[in-house]
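# Here you go, sequence then predicted model.
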Amino acid sequence: MSTERHASRFAPPKPAADGRIDLIGLDRGELQAALAEIGAEPFRARQLWHWIYHRGVTEFDAMTNLAKDFRARLAERFTVGRPQASADNLSADGTRKWLLRFADGQEVETVHIPEEDRGTLCVSSQVGCTLTCRFCHTGTQGLVRNLGAAEIVGQVMLARDALGEWPSPKDGRLLSNIVLMGMGEPLYNYDNVAKALKIVMDHEGISISKRKITLSTSGVVPMIRRAGAELGVNLAVSLHAVSDELRDRLVPLNRKYPIAELLAALRDYPGLSNARRITFEYVMLKGVNDSPADARALVKLIEGIPAKINLIPFNPWPGAPFECSDWPTIERFGDIVNAAGYASPIRTPRGRDILAACGQLKSESQRVRASARAQLTPTAPA
Ligand code: SAH
Ligand code: SF4
């Protein structure tokens, strides 16, 4: 399916039950146009932007440098929305996972991972995913729909609310980095993701630099170059296998865009250098892709690409058809990659106790619906 057809078929719903327009998720031009409709001059857009994205204000009445009657007119026509958190779980290791519910009842998960020198928000781009990577819990859910730009930015806004990070602090942020590694394939929802990231990167607002944002893709080759040229964010690629035969099975998108095509697109990724490397993600599956021969083949495959290899211990989920490689096997794999000159950190699983680790995300609504269906469906007579 072309990415355009994909985008329209799974488009997010038009919001605003009460007819008011949510200002979140509009780019600067759209914000200006929306304000023009109530007769506001262009400079007002900049004031609003500051209140919304730098100060985190959700009530027009709190925008104290605007005249009272103007605030009232704004409130009549517009809102500054937030997704609703229908669950909020804190892991023993400090990882926090929110289940967000949108106006149409659909849900996604967002995860905050605090570390010593940074705090990373793992953001979702779709409700479910069309792709069906065998080791991924989201992949068992199917795609429900794309998220709109407002819903993607909304994940950041809600996390900032919860972390008490308004106005946008200059340094020492609890939310300093963003990874698009939650539910969904961001390059199959490119327009909304790009719009949301431009809002998040804007210097007069949330202001998270492109160097602190990483987009993870399972390998949508035709969109990779565009993402690099237009957004300039870091790229992570879910490789997971070194032969087409195995990758076809683990990451079925490989049948469409095989390894050689993927690597050619990566070699062309704009701005690559030793300071700006591609991250290859490699999930460690016991007896499947974790042999020393696999490690040596990996090194050969990516030769010449400035890269680091993130080894991800497989995170199990109920009914998963794989096991995680043993620790010594992962270390041996890492040593081989490292000896070839590539950093090969082993990603410590975070938030496993609240099912917040990589690949464990799957919305609660889907699970509940499935079990409710099971209860409601009468068993067929034998
Ligand atoms: N769709 C994008 C981004 C979301 S997945 C992508 O596939 O890249 C983020 C990362 O988690 C990917 O590298 C994915 O392959 C990995 N992942 C998925 N399921 C996993 C699991 N059960 N254990 C460990 N990593 C997993
Ligand atoms: Fe989708 Fe990524 Fe999961 Fe694959 S790993 S099913 S692309 S979310």
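Received, thanks. This is a predicted model, so every value here is computed, not measured. Ligands and ions are numbered 1, 2, ... in the order given.

# Tell me the helix or strand right after the helix ranked longest in the chain.
For the chain, the helix reaching the highest residue count under DSSP state H is reported as helix 149-163. Note on helix 149-163: by DSSP states H and E, the next helix or strand toward the C-terminus is strand 177-180.

# pLDDT (mean, whole number) over that following strand?
Confidence over strand 177-180 (mean pLDDT, whole number) is 98.

# how about the strands in the stretch 201-350 of the chain?
Ranges of strands in the stretch 201-350 of the chain, per DSSP state E, counting those that start in this stretch, are 213-217, 234-238, 278-284, 307-313.

# quick check: angle from the second one to strand 278-284?
Meaning strand 234-238. With axes from the mean of the first three to the mean of the last three C-alpha atoms, to 10 degrees defining the directions, strand 234-238 sits at 30 degrees from strand 278-284.

# same deal with the first one?
For strand 213-217 and strand 278-284, the angle between their directions (the same axes, to 10 degrees) works out to 50 degrees.

# so what secondary structure elements neighbour strand 213-217?
Contact analysis of strand 213-217 by 3 or more C-beta pairs under 8 Å, 6 or more residues apart in numbering; DSSP states H and E lists strand 177-180, helix 190-201, helix 221-231, strand 234-238 as its packing neighbours. Bear in mind the C-beta positions are built from the backbone N, C-alpha and C, glycine included.

# just checking, Ser209 touches Asp202?
No. Counting by C-beta atoms under 8 Å, Ser209 stays clear of Asp202, with 10.8 Å between them.

# which one of these two has more residues nearby?
When Ser209 is set against Asp202 and neighbours are counted by other C-beta atoms under 10 Å, the residue ahead is Asp202, at 16 against 13.

# got the residues of the stretch 51-200 of the chain near ligand 1?
Applying C-beta under 6 Å from any ligand atom, one finds that the stretch 51-200 of the chain approaches ligand 1 through Cys133, Phe135, Cys136, Met181, Glu185.

# still on that earlier bit, closest to Asp244 out of the helices and strands packed on strand 213-217?
If you check each of the helices and strands packed on strand 213-217 against Asp244 by C-beta to C-beta, helix 221-231 wins as the nearest, at 13.7 Å.

# Need the contact partners of the closest one.
With C-beta atoms under 8 Å, 6 or more residues apart in numbering as the contact definition, helix 221-231 has outside contacts at 3, 187, 190, 194, 197-198, 210, 213, 215, 217, 233, 235, 257, 261-262, 265-266, 268-271.

# how far is it from where the chain is centred?
Once both centres are worked out by C-alpha atoms, centre = their mean, to the nearest Å, helix 221-231 turns out to sit 16 Å from its chain's centre.

# Check which residues of it are buried.
By neighbour count with 16 or more other C-beta atoms under 10 Å, helix 221-231 contains the buried residues Val221, Met223, Ile224, Ala227, Gly228, Leu231.

# For the fourth one, give its distance to Thr130.
Between Ala227 and Thr130 the computed distance is 18 Å (C-beta to C-beta, to the nearest Å).

# now the second one
Here the distance between Met223 and Thr130 works out to 14 Å (C-beta to C-beta).

# Could you pull out the helices in the stretch 251-382 of the chain for me?
All helices of the stretch 251-382 of the chain, identified by DSSP state H, counting those that start in this stretch, fall at 259-267, 292-301, 327-339, 364-376.

# worst average pLDDT in the ones you listed?
Among those, helix 364-376 scores lowest, with a mean of 44.

# Give me the domain ranges for the protein.
According to the domain assignment given by automatic domain parsing, the chain is divided into the following structural domains: 25-79, 84-370.
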